[in-house]
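Enquirer: Provide a 3D model corresponding to the input given below.
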Amino acid sequence: MPLKQIAAATRMSPSKAYVYLATFIHEGIVAQDRDTGYYGLGNFSAQLGLAALRQADVVTMAKDELSALRDKTRCATCLAIWANRGPSIALKFDGDRQGSFVIRLGHVLSLQHSATGRVFMAYLPATTLAPVIDWENAAGSVDKALFPRDTRAAKADVGNIRKQGYSTTEHEGANGFGAISTPIFDYSGQMVAAITLLGPKTILTPEQQTAFIPVVQQTAQLLSSKLGHQRSLTVEAPAPATPLRAARQRRA
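Expert: Numbering: from 1, shown residues only. Have a look, this model is predicted:
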């Protein structure tokens, strides 16, 4: 930015802003372009940012946000991270609207047949997804009807998830429970976790889902921003049809 804009943004006179900038340049916090005279972040600022990102732990960071989301919705909330068998529950808060349903830490959700799994399918690379799809298809699933078997339909499903930024299912982990799941991204635009809201279908009706979806998305966006994510940096992940097709070819 030029000096004039910086002075206006900081509500200082240009001469006063210049004194601060000169000090920041000396400390490496700010750098000035020799050709344009514009100011930007210096090397020390970059080092501070990288140090903060290295210390960022999405599980620890999500505790307060997931607890607040549970309080707002009265539904169970959980954070899933990628494990060797697929999306695994790393953090959870039980809701007072969940009845006897309990989801355990470490539980691995279906990649193809859960709202959480489909969010991961929409954003993770094909090489990461293919082994888990192979394993799920070999082991079988109790909820196959929830996910289209046709490759084109599956591609359209996760394509919609990428477009709208969330996934829903009629039940997840137990019959009669609905789910809303949204992705969390890091500074590089890669998906690192998913937030999922769980509740009985009597509570998560279509109308209530419509009301809860933006609340869940706001929580995920807040955590993404804390990890350094900016929407303009989002990386377009490969379409999930590739691992589905590859898995069928290997079985054939």
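
Enquirer: ok, the residue nearest to the spatial centre of the chain - contacts?
Expert: Nearest to the geometric centre of the chain sits residue 184, at 1.5 Å (CA atoms, centre = their mean). Taking CB atoms under 8 Å, 6 or more residues apart in numbering, we find residue 184 in contact with 58, 62, 191, 192, 193, 194, 195, 220, 223, 224, 227. The C-beta positions use only the backbone N, C-alpha and C, and glycine is treated the same way.

Enquirer: ok, and the closest non-adjacent residue to it?
Expert: residue 193 (4.4 Å; CB to CB, 6 or more residues apart in numbering).

Enquirer: tell me the contacts of that neighbour?
Expert: 58, 59, 62, 79, 80, 81, 90, 183, 184, 223.

Enquirer: change it to 6 Å
Expert: 58, 79, 81, 184 (CB atoms under 6 Å, 6 or more residues apart in numbering).

Enquirer: turn these into TSV, including secondary structure.
Expert: Formatted as TSV, the contacts of residue 193 follow (DSSP: H, G, I helix; E, B strand; the rest coil):
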residue	secondary structure
58	helix
79	strand
81	strand
184	strand
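
Enquirer: helices along the stretch 101-250 of the chain, start to end?
Expert: Ranges of helices in the stretch 101-250 of the chain, per DSSP state H, counting those that start in this stretch, are 115-123, 126-139, 151-164, 206-226, 241-251.

Enquirer: for those helices, which one ends up most surrounded?
Expert: The highest average neighbour count among these, using mean count of other CB atoms under 10 Å, belongs to helix 115-123 at a mean of 28.
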